[in-house]
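this one's sequence-less:
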């Protein structure tokens, strides 16, 4: 990977951590989507990619294949595998991965960006809420749960300092599941209302995002977002002078609460999911949208 910009001066590379969506962690699924697919299929893009990049899988066995969402045990009562999903136990593992990237592979602790799609989109908000002085920026893509006051407050401290109030660029498709669009609009409203933020959160709400996994109409905002040259330039420019890596020793309160109630992706019948039932929906009052169109200069 080339050393460019600040990395050429410091010898330290920026780090990107990206949390997958529900059932998208296994390698076969992950590598067919957005950024992993670009890195695998576009040699020119990969050759100039500046980030140390971590794609944790919260659903995989050692071979990178899907594990079931409900525990299976060997004889004698021992679990065959660890917890599945963005649970506190798996977030602690991501802590360790980031720490390894910083200590062993020359990652820059002041330039760690955290992104995620769908289940991973909400996972990064739970995670960042518990880890100040860790992330220079957040990129939630169509997070699949709505905001709570505790998480919103934890995502930006009262002082508005960068180490505890990272910049945010959020993405969603206006034709996504009606509930997810509502969740994202509310996240944008709550985050944009934090006047102590040194920079206003960006919210890109695409008019008609693509389908993913064959049936999730409008849920593919990440397919466009992660082909935005402007997004990568924005991520590479983020620097958090007070960030030192995942040194906090506390738990993950938002994830701990969710883990008690969420066991995995929805099992609702397809006709109840609502994908594609609303398209290009109006932006609610009080929500500022940064951009609507697909990337013009797509990678």
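Received, thanks. Note that the structure is predicted; figures quoted are calculated from it, not measured.

what packs against the longest helix anywhere in the chain?
Using DSSP state H to define each element, the chain has its longest helix at helix 88-104. Contact here means 3 or more C-beta pairs under 8 Å, 6 or more residues apart in numbering; DSSP states H and E; on that basis helix 88-104 packs against strand 13-19, strand 52-54, strand 107-117, helix 119-129, helix 253-259. Bear in mind the C-beta positions are built from the backbone N, C-alpha and C, glycine included.

by how many degrees do it and strand 13-19 diverge?
160 degrees (axes from the mean of the first three to the mean of the last three C-alpha atoms, to 10 degrees).

same question for helix 88-104, mean pLDDT?
Per-residue pLDDT over helix 88-104 has a mean of 92.

that older thread, export the helices and strands packed on helix 88-104 to a markdown table and tack on distance to residue 175 and mean neighbour count?
Shown next, in a markdown table, are those (distance: least, C-beta to C-beta, whole Å; neighbours: other C-beta atoms under 10 Å):
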| stretch | distance to residue 175 | mean neighbour count |
| --- | --- | --- |
| strand 13-19 | 23 | 25 |
| strand 52-54 | 29 | 19 |
| strand 107-117 | 16 | 26 |
| helix 119-129 | 17 | 27 |
| helix 253-259 | 26 | 19 |
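
I'd like to know which of these lies nearest to residue 168.
Closest to residue 168 of the helices and strands packed on helix 88-104, according to C-beta to C-beta: helix 119-129, at 9.1 Å.

Three-state assignment for residue 198, please.
coil (DSSP: H, G, I helix; E, B strand; the rest coil).

count of neighbours near it?
Using other C-beta atoms under 10 Å, residue 198 has 11 other residues around it.

contacting residues around the nearest residue to it once chain neighbours are set aside?
Computed as C-beta to C-beta, 6 or more residues apart in numbering, the closest residue to residue 198 that is not its neighbour in sequence is residue 160, at 5.6 Å. By C-beta atoms under 8 Å, 6 or more residues apart in numbering, the contact list for residue 160 reads 194, 196-198.

go again using 7 Å as the cut-off
Residue 160 makes contact with 196-198 under the criterion C-beta atoms under 7 Å, 6 or more residues apart in numbering.

can you give me the helices in the protein?
6-10, 27-30, 34-41, 43-47, 88-104, 119-129, 149-154, 178-192, 221-225, 229-237, 253-259, 270-273.

Can I get those helices in a markdown table including distance to residue 141?
Shown next, in a markdown table, are the helices of the chain (distance: least, C-beta to C-beta, whole Å):
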| stretch | distance to residue 141 |
| --- | --- |
| helix 6-10 | 25 |
| helix 27-30 | 14 |
| helix 34-41 | 9 |
| helix 43-47 | 19 |
| helix 88-104 | 17 |
| helix 119-129 | 5 |
| helix 149-154 | 17 |
| helix 178-192 | 9 |
| helix 221-225 | 4 |
| helix 229-237 | 10 |
| helix 253-259 | 18 |
| helix 270-273 | 18 |
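
still on that earlier bit, pLDDT wise, what is the residue nearest to residue 198 at?
Here the pLDDT value assigned to residue 160 is 95.

try the one 5 residues further on
At residue 165 the predicted local confidence, pLDDT, stands at 97.

swap in the one 10 residues further on?
Per-residue confidence for residue 175 comes out at a pLDDT of 90.
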